[in-house]
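> Sequence first, then the predicted structure, then my questions.
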Amino acid sequence: MCIGAFVWQTNPHYPLILFLNRDEYHNRPTKEAGWWECGEILGGRDEVGGGTWMACSRKGRMAFVTNVLELNSFSKARTRGDLPIRFLESSKSPKEFADEVAKESDQYNGFNLIIADLSCNLMLYVSNRPKEEPPTIEEVSPGVHVLSNGRLDSPWPKAEWLGLNLITLLEEKEMELNKMVHKLMRDTVKADKSKLPHIWSLDWELNLSSVFVQFETPLGLFGTRSTIALTVGFDGEVCFNEEYLENKKWKEKTFKYNINEANITHKQSI
């Protein structure tokens, strides 16, 4: 379970601002953010499935994935964490890649995928849910968006709060991004029970209904174990900051680099 809030093509300083929480069992083997062996991909790594929840590349590509909240899952499904990596490694355009994923989407459990290529100023949303409908491929419009475990911009309580809080903080022009992270992504307020989607048990949904999650389960502690703040400037400078749990302590890493041959421009609203 993850939740991400992002600003796409409407901020005067950054064509992309992203805040993302990764929720997972604390005992699941995970590698914190870093440059992968190829030297082209930056992100964390799930050491069970081998994929990632979010990563970006020197070429100006970014991708993140969230699970869809649903009752039944396919035990032999392909790992959803491969989807961001495949996009970052691909030479296909975002649309070509999205079409490829759509053709094989039934091989995955429910997913929401955001892919963006800053070199062509294009962001797409891809999902294989609802099951009874064809896969979704939509261009993401300029603005503030939130993606959790429903569809993009679904009116789930924590998604609505996060979106509204992000808009409010963006209006405070002096607010520093590192302060925004804590105000936005450490919110532990839970939703009213009547507003939950009622897909899983009430206890699970209530525990998952805050932006920052932490609760005990029979399989161990579950909750937010990574928070990413990503900005991409019009000059191609990328700042990737991750706060992550390691041995029950929060640590922090920051990476800065420039997109190769960056040519980033404002995109007109559609």
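Thanks, I have it.
> report the longest helix in this structure, please.
helix 157-171 (DSSP state H).
> Give the buried residues for that one.
Residues of helix 157-171 classed as buried: 157-159, 161-163, 165-166 (neighbour count, 16 or more other CB atoms under 10 Å). C-beta coordinates here come from the backbone N, C-alpha and C atoms, glycine included.
> got a markdown table for the residues you listed, with pLDDT too?
Formatted as a markdown table, the buried residues of helix 157-171 follow (pLDDT from 0 to 100):
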| residue | pLDDT |
| --- | --- |
| Pro157 | 95 |
| Lys158 | 96 |
| Ala159 | 97 |
| Trp161 | 96 |
| Leu162 | 98 |
| Gly163 | 98 |
| Asn165 | 96 |
| Leu166 | 97 |
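> In contact with Val48, which residues?
28-29 (CB atoms under 8 Å, 6 or more residues apart in numbering).
> all helices in the protein, in order from the N-terminus.
Listed in chain order, the helices of the chain (DSSP H) span residues 82-89, 94-103, 157-171, 177-185, 202-207.
> ok, back up a step: which one among the buried residues of helix 157-171 gets closest to Met185?
Using CB to CB, Leu162 comes nearest to Met185 of those, at 8.2 Å.
> check contacts around the closest one.
Counting by CB under 8 Å, 6+ apart, Leu162 touches 3, 5, 146, 184, 187, 211.
> Residue ranges in the stretch 101-250 of the chain under the pLDDT threshold?
Along the stretch 101-250 of the chain, the parts satisfying pLDDT under 70 run over 174.
> ranges for the strands of it?
With DSSP state E, counting those that start in this stretch as the criterion, the stretch 101-250 of the chain has strands at 111-117, 122-127, 136-139, 143-147, 214-217, 220-232, 237-246, 249-258.
> follow-up on the earlier one: is it possible to export the contacts of Leu162 to JSON lines including neighbour count?
Shown next, in JSON lines, are the contacts of Leu162 (neighbours: other CB atoms under 10 Å):
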{"residue": "Ile3", "neighbour count": "25"}
{"residue": "Ala5", "neighbour count": "25"}
{"residue": "Val146", "neighbour count": "25"}
{"residue": "Leu184", "neighbour count": "22"}
{"residue": "Asp187", "neighbour count": "16"}
{"residue": "Val211", "neighbour count": "26"}
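> Now the two most distant members of the residues you listed.
The largest separation in those, counting by CB to CB, is between Val146 and Asp187 at 12.5 Å.
> looking at the strands of the stretch 101-250 of the chain, which is closest to Ala102?
Closest of these to Ala102 is strand 136-139, at 6.0 Å (criterion: CB to CB).
> list the buried ones in that closest one?
Buried positions in strand 136-139, judged by neighbour count with 16+ other CB under 10 Å: 136-137.
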